[in-house]
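*Asks:* Starting from these lines, generate the structure:
(2 chains)
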Protein chains: 2
Amino acid sequence: MGSYDAMLDANARFVEGFDQGDAQLPPNRPVAVLTCIDARVVPPLFLGLGIGDAHVLRNAGGRASDDALRSLIISSQLLGTRQLMVIHHTDCGMLTFTNEDAWTMLEDATGTSARDIDFLPFSDVEASLREDVRTIRDNPFIPKDAEVTGWVYDVRTGRVTQVEDA
Amino acid sequence: MGSYDAMLDANARFVEGFDQGDAQLPPNRPVAVLTCIDARVVPPLFLGLGIGDAHVLRNAGGRASDDALRSLIISSQLLGTRQLMVIHHTDCGMLTFTNEDAWTMLEDATGTSARDIDFLPFSDVEASLREDVRTIRDNPFIPKDAEVTGWVYDVRTGRVTQVEDA
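*Replies:* Now for the predicted structure:
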């Protein structure tokens, strides 16, 4: 399996030069980033985050799902993050289908109804971003002094732009 | 805000040298990695994943939550990944508390009961890993030809070790 070999070779080289500095369980910076699983979106590279610097949460779309809220509550309340950055991105796969499309495709592929799954697709990146920022701010378990901000990453330029202030 | 400045400076340098190569929406490799939000766990670095190479999913613990399954179904069925790697890690924060601890702490901090939230903590990294691998394999919407494997990342050495074969 070529993919595993390449990753394990890279890991062997990484281990040789491994230096995690002073990194402990709580992040060096009080930052948690919530973003998409997209392969072109690589937060350590485009935000300059090294080992130990920040929490990174990723799901399809970078949505403020119940599970993202679970992770953000742990990140902020148990491990002290207070700058919660939601980063959506241009050309997101979540813009390319509806729940109806996904349900039909999955029922055709598997013979099982997927209609109880909300895949959280969206049709407007900035609108979904503002909705997710609001959902996080409104959650009763997110610290009142946490800053929740919204950003868009452009996959063609690498630039991240703030869309929603704290 | 020092954290934002440092990230935006890093982003400006990243944009200057930006080259995403041929990266398109589907990943270059048929790989999706599910791992923890921990700041010391940086998949692009320890697996050698560049821009466009692989989907990366992250939540507290790297658990096979409903939301992780949502993302893995999109990743595999809509975007073609077939090597689904679950990576838990040593010294995980999820080993340090129970749901009862989190509920008490949150109710004390906010005055609101959090007892309807399962924070998905665990007491044994390899056991949680095997449970999550099984949950993904058993999901009816994950392709039958997908390989689901389990790995542990050691935060003291940087080494990733396979614990559960496909």
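
*Asks:* Pull the number of nearby residues for A:Val15.
*Replies:* Neighbourhood size, A:Val15 [other C-beta atoms under 10 Å in any protein chain shown]: 14. In this view, the C-beta of every residue, glycine as well, is placed from N, C-alpha and C.

*Asks:* what does the helix or strand where it lies rub up against?
*Replies:* Element membership for A:Val15 (DSSP states H and E) is helix A:2-16. Outside helix A:2-16, the residues that touch it by C-beta atoms under 8 Å, 6 or more residues apart in numbering or on different chains are B:29-31, B:45-49, B:54, B:83, B:157-160.

*Asks:* Just flag the most distant two among these.
*Replies:* Spatial extent of these (C-beta to C-beta) is set by the pair B:Pro30 and B:Thr157 at 27.8 Å.

*Asks:* quick one: which of those two has more around it?
*Replies:* B:Pro30 (21 against 13).

*Asks:* Looking at the residue in chain A sticking out farthest from the centre now. What's its pLDDT?
*Replies:* Farthest-out residue of chain A from its mean C-alpha position, per C-alpha atoms, centre = their mean: A:Gly111, at 30.8 Å. Turning to A:Gly111, the model gives it a pLDDT of 96.

*Asks:* Same check on A:Met1?
*Replies:* 53.

*Asks:* so what's A:Thr98 closest to, chain neighbours aside?
*Replies:* Closest residue to A:Thr98 apart from its sequence neighbours, by C-beta to C-beta, 6 or more residues apart in numbering or on different chains: A:Pro121 at 5.9 Å.

*Asks:* who's in contact with the one you found?
*Replies:* Applying C-beta under 8 Å, 6+ apart, one finds that A:Pro121 lies in contact with A:61, A:94-95, A:97-99, A:102.

*Asks:* among those, who's most crowded?
*Replies:* Counting by other C-beta under 10 Å, top hit in these: A:Gly61 with 29 neighbours.

*Asks:* from what I can see that residue touches A:Asp118, true?
*Replies:* No. With contacts defined as C-beta atoms under 8 Å, A:Gly61 does not count as touching A:Asp118, sitting 11.3 Å away.

*Asks:* pLDDT weak spots in chain A?
*Replies:* Scanning chain A for pLDDT under 70 picks out A:1.

*Asks:* Show me where it has its strands.
*Replies:* In chain A, the strands defined using DSSP state E lie at A:31-36, A:55-59, A:83-89, A:147-153, A:160-164.

*Asks:* what would these look like in CSV with distance to B:Gln24 and mean neighbour count?
*Replies:* Formatted as CSV, those follow (distance: least, C-beta to C-beta, whole Å; neighbours: other C-beta atoms under 10 Å in any protein chain shown):
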stretch, distance to B:Gln24, mean neighbour count
strand A:31-36, 15, 27
strand A:55-59, 19, 28
strand A:83-89, 14, 26
strand A:147-153, 16, 22
strand A:160-164, 20, 17
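
*Asks:* Reformat those strands into TSV and put distance to chain B next to each item.
*Replies:* Formatted as TSV, the strands of chain A follow (distance: least, C-beta to the nearest C-beta, whole Å):
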stretch	distance to chain B
strand A:31-36	5
strand A:55-59	4
strand A:83-89	6
strand A:147-153	8
strand A:160-164	5
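
*Asks:* export stretch A:142-157 as CSV, just CAs?
*Replies:* Taking C-alpha atoms only, stretch A:142-157 is exported to CSV below (Å, rounded to 0.1, in the frame of the first residue of the first chain):
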residue,chain,number,x,y,z
ILE,A,142,-18.6,28.1,26.1
PRO,A,143,-16.9,30.6,28.4
LYS,A,144,-18.4,34.1,28.3
ASP,A,145,-14.9,35.6,27.9
ALA,A,146,-14.1,33.4,24.8
GLU,A,147,-13.7,35.3,21.5
VAL,A,148,-15.4,33.5,18.7
THR,A,149,-14.3,34.7,15.3
GLY,A,150,-15.1,33.7,11.7
TRP,A,151,-12.6,33.4,8.8
VAL,A,152,-12.5,32.2,5.2
TYR,A,153,-9.5,30.4,3.7
ASP,A,154,-9.0,30.8,0.0
VAL,A,155,-7.7,27.5,-1.5
ARG,A,156,-6.4,29.3,-4.6
THR,A,157,-4.2,31.8,-2.8
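
*Asks:* gap between it and the chain center?
*Replies:* 10 Å (C-alpha atoms, centre = their mean, to the nearest Å).

*Asks:* now swap in stretch A:21-35 and tell me
*Replies:* Distance, centroid of stretch A:21-35 to centroid of chain: 15 Å (C-alpha atoms, centre = their mean).
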